[in-house]
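Asker: structure for the following, please:
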Amino acid sequence: MSTHRLDSPPGEPYLLLDDLGLAGGPVTLRTEEVVVPRLIDRDGVNIFVMMTPLLFLAQMGIYGAVLFTVSVIVYALRHRGSLGEVFRTQNFFLLFPAYAMLSAIWSEAQVDTLKHASEFMLTVVAALLMVQARNRRSLMFALFAAFAVYSLAPLMSGSAVDADGTTALASLSANNHAEAGVAATGAIITLAWFFLGFKTRRYFQSLLALPVLAVEIYSVVLARSAEATIAMAAGLIVFFLLAMLSRAGRRLRLVVVGFGGAGALALAVIFMIFTGPIIDFVSIWSGKEITLTGHDYLWARARDLIVEKPILGRGFAGFWQHGNLDAEGLWQFAHITSRTGFNFHNTGYDILVSLGWVGLILFALTLVVGLVKMAAVYVNGPSLLTAFWLALAASIVARLPVETMGIYEFSAATILLFAIFGYAVKAKRVHERQALQATRDAPLRGTLLSPIPPMSNC
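Answerer: Predicted coordinates:
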């Protein structure tokens with residue numbers, strides 16, 4: 001019998017993939033006692049309260065930001081040890097937000113830069129703290145519930161916007177791409193929650209996930225966002241692929257995840273940095289003009305702005321300022337009367353404009369190191385959770401060249417991206433502790449003093 005699992009501290013689900021049945025073969029029925037962590041606990045409620053205002057930030061405004069901040073403080077106070085562990089073991093992932101704060105020194109809007117960069121740091125710390133939760137079943141349920149509440153909102157208060165001459169779903173967001181992005185992320189979370197229900201033999205949990213998954217996929221379709229559709233497809237495909245590979249040998253997982261992941265990540269980073277030139281080349285080569293609903297003009301303007309301050313940029317959040325003629329012109333081009341909440345629809349260009357090449361290199365290193373760590377955790381201990389986090393990573397990376405992801409404060413995308421990195425570090429440390437414990441317990445095996453292993457089929 002295989003023992004592929006994500007080893008976890010006591011109280012966490014041990015997510016064995018042997019019974020999933022996705023790779024063929026009979027489904028094994030286990031008869032031992034099953035210990036399944038609680039569905040709802042205080043950490044889960046805290047995380048739900050933390051995530052929900054980020055999804056409804058457009059409606060809640062400053063109140064949503066305050067509620068998020070308070071929930072993070074409460075979580076940190078309840079887990080002072082975890083906060084210290086984050087700064088001690090995951091400080092590498094704090095370098096990029098720290099550099100954003102440092103950019104206040106040369107920013108064109110120093111006060112705003114310091115404010116937004118501090119909020120960005122708070123968001124990243126919250127993400128790294130969130131995945132320290134011992135009960136990962138409760139963590140997953142909190143994520144599922146938050147995205148389900150948001151995704152079901154169109155049934156009560158849907159709205160539409162004009163997207164390239166067609167009607168597209170906008171729901172609680174004024175932008176169909178934003179709506180589709182949230183729904184696509186929710187679909188990946190819900191799919192993982194569906195299978196976790198089978199693994200824990202909580203079939204009502206899986207039944208509850210089905211209508212939510214249908215609504216989220218349908219929302220992506222109605223929103224008519226090609227970027228979100230591709231991102232959702234990438235996430236779902238990666239999840240199923242990794243779930244099936246969990247029963248394969250470690251070498252095969254290493255080859256597939258290593259070469260496939262490295263190639264996909266390299267392409268995404270290259271396209272993120274050189275989006276404009278690549279689009280121009282393809283247009284010339286094919287003899288047809290290829291545009292992405294105005295993105296080409298935004299990218300052209302971004303390249304002009306990058307040339308002006310290529311090394312350090314203009315400071316975090318230093319460009320989109322009232323009175324900045326370049327920003328005012330782009331707001332007018334996009335018909336944004338509020339003169340807020342806009343970007344270059346490309347993560348690389350947004351970083352280059354605000355933080356320069358130093359910032360982009362630091363972000364790219366953060367992304368590569370975090371994803372490599374996550375991939376290593378899956379290769380060494382495949383589980384539904386590791387498959388889920390890698391699938392979520394694939395979905396986010398697929399959107400980097402055409403959306404701005406992971407560099408905003410009070411953003412669900414930022415929370416999830418850095419949560420992936422934090423989960424990888426946490427899981428690796430857990431594996432190391434349990435390997436050390438297994439070594440110490442080895443002489444006791446087969447004796448009356450042999451330790452009783454934790455049992456769970458989740």
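Asker: list the residues that contact residue 318.
Answerer: Counting by C-beta atoms under 8 Å, 6 or more residues apart in numbering, residue 318 touches 103, 107, 108, 109, 112, 113, 354. For every residue, glycine as well, the C-beta is placed using N, CA and C.
Asker: need those in a markdown table with distance to residue 187, pLDDT and neighbour count, can you?
Answerer: Output for the contacts of residue 318, formatted as a markdown table (distance: C-beta to C-beta, whole Å; pLDDT from 0 to 100; neighbours: other C-beta atoms under 10 Å):
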| residue | distance to residue 187 | pLDDT | neighbour count |
| --- | --- | --- | --- |
| 103 | 35 | 96 | 25 |
| 107 | 38 | 93 | 26 |
| 108 | 39 | 84 | 14 |
| 109 | 38 | 90 | 21 |
| 112 | 35 | 93 | 17 |
| 113 | 35 | 95 | 25 |
| 354 | 31 | 94 | 29 |
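Asker: which residues of the stretch 51-200 of the chain score low on pLDDT?
Answerer: Counting by pLDDT under 70, the stretch 51-200 of the chain shows low-confidence ranges at 154-176.
Asker: can you give me the strands for it?
Answerer: 160-163, 166-169 (DSSP state E, counting those that start in this stretch).
Asker: re the thing from before, columns distance to residue 265 on top of the contacts of residue 318, output as CSV?
Answerer: Formatted as CSV, those follow (distance: C-beta to C-beta, whole Å):
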residue, distance to residue 265
103, 26
107, 30
108, 32
109, 33
112, 32
113, 29
354, 23
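Asker: could you list which of the residues you listed belong to helices?
Answerer: Judged by DSSP state H, the subset of the contacts of residue 318 located in helices is 112, 113, 354.
Asker: buried ones in the helix or strand harbouring residue 240?
Answerer: Assigned by DSSP states H and E, residue 240 falls within helix 226-245. By neighbour count on 16 or more other C-beta atoms under 10 Å, the buried set for helix 226-245 is 227-229, 231-236, 238-239, 241-243, 245.
Asker: return the member of these nearest to residue 203.
Answerer: Closest to residue 203 out of the buried residues of helix 226-245 is residue 243 (18.3 Å), distances taken as C-beta to C-beta.
Asker: how far away is that closest one from residue 237?
Answerer: Per C-beta to C-beta, to the nearest Å, residue 243 is found 11 Å from residue 237.
Asker: residue 322 is in contact with residue 339, isn't it?
Answerer: Yes - here residue 322 reaches residue 339: they are 6.1 Å apart, a contact under C-beta atoms under 8 Å.
Asker: okay, those two: which has more neighbours?
Answerer: Neighbour totals were compared for residue 322 and residue 339, and residue 339 leads with 15 against 10 (other C-beta atoms under 10 Å).
Asker: ok but that one is inside a helix, no?
Answerer: No - counting by DSSP: H, G, I helix; E, B strand; the rest coil, residue 339 is not found in a helix; it is coil.
Asker: dump the residue contacts of it.
Answerer: Going by C-beta under 8 Å, 6+ apart, residue 339 touches 322, 327, 328, 331.
Asker: by neighbour count, which of the residues you listed wins?
Answerer: Sorting the contacts of residue 339 by how many neighbours each has (other C-beta under 10 Å) puts residue 331 first, at 19 neighbours.
Asker: circling back to that earlier point, could you dump the ones in helices among the contacts of residue 318 into a markdown table with distance to residue 131 added?
Answerer: Listed next are these as a markdown table, based on distance: C-beta to C-beta, whole Å:
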| residue | distance to residue 131 |
| --- | --- |
| 112 | 30 |
| 113 | 28 |
| 354 | 27 |
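Asker: dump the residue contacts of residue 239.
Answerer: 188, 191, 192, 387, 388, 390, 391.
Asker: distance check, it against residue 233.
Answerer: 11 Å.
Asker: one more: residue 440?
Answerer: For residue 440 relative to residue 233 (C-beta to C-beta), the value is 46 Å.
Asker: likewise residue 241?
Answerer: Relative to residue 233, residue 241 is positioned 12 Å away (C-beta to C-beta).
Asker: quick check, residue 49 in contact with residue 69.
Answerer: No - using C-beta under 8 Å, residue 49 is not in contact with residue 69; the gap is 11.3 Å.
Asker: follow-up on the earlier one: how far does the helix holding residue 240 sit from the chain's center?
Answerer: Chain-centre distance of helix 226-245: 13 Å, with C-alpha atoms, centre = their mean, to the nearest Å.
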